[in-house]
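> Following is a predicted model, sequence given first.
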Amino acid sequence: MPDFDNRPAPEIFTPSGLNRLVRDLLEDALPMGVWIEGELSNVSRPASGHVYFTLKDANAQVRCAMFRMAASRLRFRPVDGMHVLMRAKVGLYEARGEFQLVADHMEPAGEGALQREFEQLKARLGAEGLFAPERKRALPVFPRRIGVITSPSGAAIRDVLSVLGRRLGLADVEVLAVPVQGREAPPAIAAMLRKASASGRYDVLLITRGGGSLEDLWAFNDENVARAIHASAVPVVSAVGHEVDFTIADFVADLRAATPSAAAELLVPDGADLSRQLERLRQRMATLMTRRLEAAAQRADHWQARLNAQRPQARLARDAQRLEALRRRLYVSIGQSNNLRRARLERLQARLAAHHPKLRLTPSRIRIADLRQRMAAAMSRRIERDRLRLAEQARTLHAVSPLATLERGYAIVFDQRDAVVKRASDINVGDRLRVMLGSGEIKVRREE
């Protein structure tokens, strides 16, 4: 029989101690928490602000808690049946020994991934400059033809047509039918944008649809649609969803409208306002014309009074007499002026004849010949003096020239660097030397 008395004493746990051990094991095994996806049930939110619920799938469920601080950051209200994606730490509720998750982040499943994709695309296109304010174009004040890219059966086109017809029915509106939801919507919208831009038919394009969830509006968050809007040759207005909805198309478009109806109001001016403005302008023009006509009539009356006061017939007669007197004085003045000019011309001709160049050529020739002879004699004397002085300087220079010294039997010794050797100690045995004589050179080497 086994000896039970000799067995080691087992470790005995209390319920709280065991639960604490299990909790520590779970938290040590998964210290960073987990991401988990499932369906909410039994959601409760007491006055404390905490949220308690169960997360389940088809085969299992787990109790969960989200404390007040994390719950205050939720952007939606959790309800039973909602499918969510959650980040939580795995733990154990010691008081009841229940396995549970403590969540610190929760988002609707699917929508969170789409939101992250939306933010990434928005950041990338923004960095490329597609949202730059300086590239936004102004809308035409009176568009002649408007292209509306939308579903022909949606509520958005009915709102747009209703507002356009009510405000100003002068613009032609063409509905460019495309699907606005589903997998085929993005390529269809992008193709229609490119086709409408290339056609040259439209002054402005409106891309629109009614409200919906993020998934419903996803066609307008497509990169190809954004680049088609950016490349459009005409201004593009985006009105997608409700006022709180924002899409990539809204950021790229030249103008974003909160709703389709608001977009229609931005596209065309209000006819009633234009009528009131035209009436005000007509009244201002009539008032201005009346004032100008009255001022012109007053000026005409003033000039008429001055004209009557000055008796123009008598003034014309006086001016005619004065003109005749001036004409006679002009004729007399012209005759006297011609006589004076004729006499002055005769005097100038006489002076010119007295100073004719031919009269001064003979004395000038004689003087030039004399100067030439004097210059030749002076140059001969100068050259002879310079020759004698040069010969004397050459003799003096030759007397002190090193070459003259060499011709008397002396020599100049150069070392290997072509420096003049002044002392025997400056050269070593074996050095090659160059000796310049009075006539020629010799090369030698020092032996000792």
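Alright, I've got the coordinates.

> Can you pull the domain assignment for the chain?
Domain assignment for the chain, taken from automatic domain parsing, gives 15-109, 115-267, 270-311, 406-445.

> Mean neighbour count, these: which tops it?
domain 115-267 (a mean of 18; mean count of other Cβ atoms under 10 Å). Heads up, the C-betas are built off the backbone N, CA and C, glycines and all.

> That one spans what distance, first to last residue?
Distance across domain 115-267, first residue to last, is 30 Å (Cα to Cα, to the nearest Å).

> likewise stretch 138-152?
End-to-end for stretch 138-152, by Cα to Cα: 27 Å.

> now swap in stretch 414-424 and tell me
12 Å.

> Pull the contacting residues for residue 401.
Listed by Cβ atoms under 8 Å, 6 or more residues apart in numbering, residue 401 has no contact partners.

> Tell me the gap between stretch 296-305 and the middle of its chain.
Between the centre of stretch 296-305 and the centre of its chain there are 60 Å (Cα atoms, centre = their mean, to the nearest Å).

> thinking again about what came up before, a markdown table for the domains of the chain, including distance to residue 325 and mean pLDDT?
Listed next are these as a markdown table, based on distance: least, Cβ to Cβ, whole Å; pLDDT from 0 to 100:
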| stretch | distance to residue 325 | mean pLDDT |
| --- | --- | --- |
| domain 15-109 | 105 | 85 |
| domain 115-267 | 69 | 89 |
| domain 270-311 | 21 | 81 |
| domain 406-445 | 107 | 83 |
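
> can I get those domains in JSON lines with distance to residue 399?
Formatted as JSON lines, the domains of the chain follow (distance: least, Cβ to Cβ, whole Å):
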{"stretch": "domain 15-109", "distance to residue 399": "110"}
{"stretch": "domain 115-267", "distance to residue 399": "91"}
{"stretch": "domain 270-311", "distance to residue 399": "112"}
{"stretch": "domain 406-445", "distance to residue 399": "11"}
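
> quick one: which of these is nearest residue 355?
Between residue 355 and these, the shortest separation by Cβ to Cβ is 62.6 Å, and it involves domain 270-311.

> What values do phi and psi take at residue 146?
phi -120, psi 130 (degrees, to the nearest 10).

> so it touches residue 207, yeah?
No. Residue 146 lies out of contact with residue 207 (Cβ atoms under 8 Å); the separation is 11.6 Å.

> Nearest the geometric middle of this structure, what residue?
By Cα atoms, centre = their mean, the chain has its centre lying nearest to residue 134, at 8.1 Å.

> so that residue sits in a helix?
Yes. Counting by DSSP: H, G, I helix; E, B strand; the rest coil, residue 134 is part of a helix.

> Compute the distance between it and residue 235, please.
14 Å (Cβ to Cβ, to the nearest Å).

> Kindly report the same for residue 409.
With Cβ to Cβ as the criterion, residue 409 and residue 235 are 108 Å apart.

> What of residue 54?
According to Cβ to Cβ, residue 54 and residue 235 sit 53 Å apart.

> ditto for residue 125
In terms of Cβ to Cβ, residue 125 sits 19 Å off from residue 235.

> now residue 34
From residue 34 to residue 235 the distance is 49 Å (Cβ to Cβ).

> likewise residue 140?
7 Å.

> Overlap in contacts, those two.
Common neighbours of residue 140 and residue 235 (Cβ under 8 Å, 6+ apart) are residue 204.

> Grab the nearest non-local neighbour of residue 402.
Spatial nearest neighbour of residue 402, excluding adjacent residues (Cβ to Cβ, 6 or more residues apart in numbering): residue 412 at 7.1 Å.

> Tell me if I'm right that that neighbour and residue 406 touch.
Yes. With contact defined as Cβ under 8 Å, residue 412 counts as touching residue 406 (7.0 Å).
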